[in-house]
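Colleague: here is my input, please return the structure:
(chains A and B)
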Amino acid sequence: QQQVKQSPQSLIVQKGGISIINCAYENTAFDYFPWYQQFPGKGPALLIAIRPDVSEKKEGRFTISFNKSAKQFSLHIMDSQPGDSATYFCAASRTGNQFYFGTGTSLTVIP
Amino acid sequence: DTGVSQNPRHKITKRGQNVTFRCDPISEHNRLYWYRQTLGQGPEFLTYFQNEAQLEKSRLLSDRFSAERPKGSFSTLEIQRTEQGDSAMYLCASSLYRDSYGYTFGSGTRLTVV
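Modeller: Numbers count the residues shown, from 1 in each chain, chains lettered A, B, ... in the order given. Below is the predicted model:
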C-alpha cells in the first residue's frame, strides 16, 4: 500500500510560472513532511520540510502548504526557473528512522 | 568531509552473481540508511543502522540481501544470487541520532543485472 500518494506524475511550466505538486498521506502518526529534489544521476536532496503543527512554511521561492484535516500537503515553486527542472519527491516519516516517499513528479520548466 | 560517498557508482553484473556496494557516511553521523529506488519510483526503505547495530529491516530486504556496518563507520550492502528484479539505484543516507530527520543522501550505486 502506497503510504504517500503524489500527483501529477509530470509537470511542464513556463519560466516565471508557479509549479504546484500535491501529496496525500494516510497515516496520521506521520510528524515530518519533507520535499526532496533529485537531478539525474544524483541522490535526493532535501528542499524544504514541515511539521504538522504549522499550515505553511516558506523558504525563498519554495512554499509548503499543509492541510492536516485533509491529510494533504503541497509544494509551490514560485517564479519557476529552468534550473528547477528535476524530479521532486514528497515524503513522510513518523520517527525519522524510515521515510515513505511518493512516486515523484518530473518538472520541466520551459525557458 | 564532502558528504555521503557511495562506490561503485555503476555496477553491471550477470544474473546469479554476488555484488557488494559500499557507503561512507558523513563522518560524525551515527545513523546510516539504505534505500532502493527503481526507475520512475521514489526511494524505498531497506534498513538502517545506529552505530554498528542494525535496528530495522524492511521486508524488501530478502534473505539474499545483507547489510553490515562493522565499526560504525562505513557500511556494505551485499546482494547474493542477483536477479533481474534487483536492478535499481541503491541509495545510502546518513544522519545524526539527535537529528534523525536530517538525512543526507549519497549519489547512489546503479545496479544493472543482465
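
Colleague: make it CA atoms for all contacts and neighbour counts henceforth
Modeller: Fine.

Colleague: now for the residue nearest to residue B:30 when sequence neighbours are not counted: which residues touch it?
Modeller: Closest residue in space to residue B:30, ignoring its immediate chain neighbours: residue B:51 at 5.0 Å, by Cα to Cα, 6 or more residues apart in numbering or on different chains. Neighbouring residues of residue B:51 by Cα atoms under 8 Å, 6 or more residues apart in numbering or on different chains: B:30-32, B:69, B:71-73.

Colleague: ok, of the residues you listed, which come out buried?
Modeller: B:30-32, B:69, B:72-73 (16 or more other Cα atoms under 10 Å in any protein chain shown).

Colleague: spell out which parts of chain A neighbour chain B.
Modeller: Listed as neighbours of chain B in chain A under the rule Cα under 8 Å from any Cα of the partner chain: A:32, A:41-46, A:89, A:95-104.

Colleague: now with 6 Å?
Modeller: Counting by Cα under 6 Å from any Cα of the partner chain, chain A comes close to chain B at A:42-43, A:96, A:101-104.

Colleague: now the residues you listed in TSV, with neighbour count, secondary structure and distance to residue A:83?
Modeller: Formatted as TSV, these follow (neighbours: other Cα atoms under 10 Å in any protein chain shown; DSSP: H, G, I helix; E, B strand; the rest coil; distance: Cα to Cα, whole Å):
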residue	neighbour count	secondary structure	distance to residue A:83
A:42	15	coil	15
A:43	24	coil	17
A:96	17	coil	29
A:101	26	strand	23
A:102	26	coil	22
A:103	24	coil	21
A:104	27	coil	17
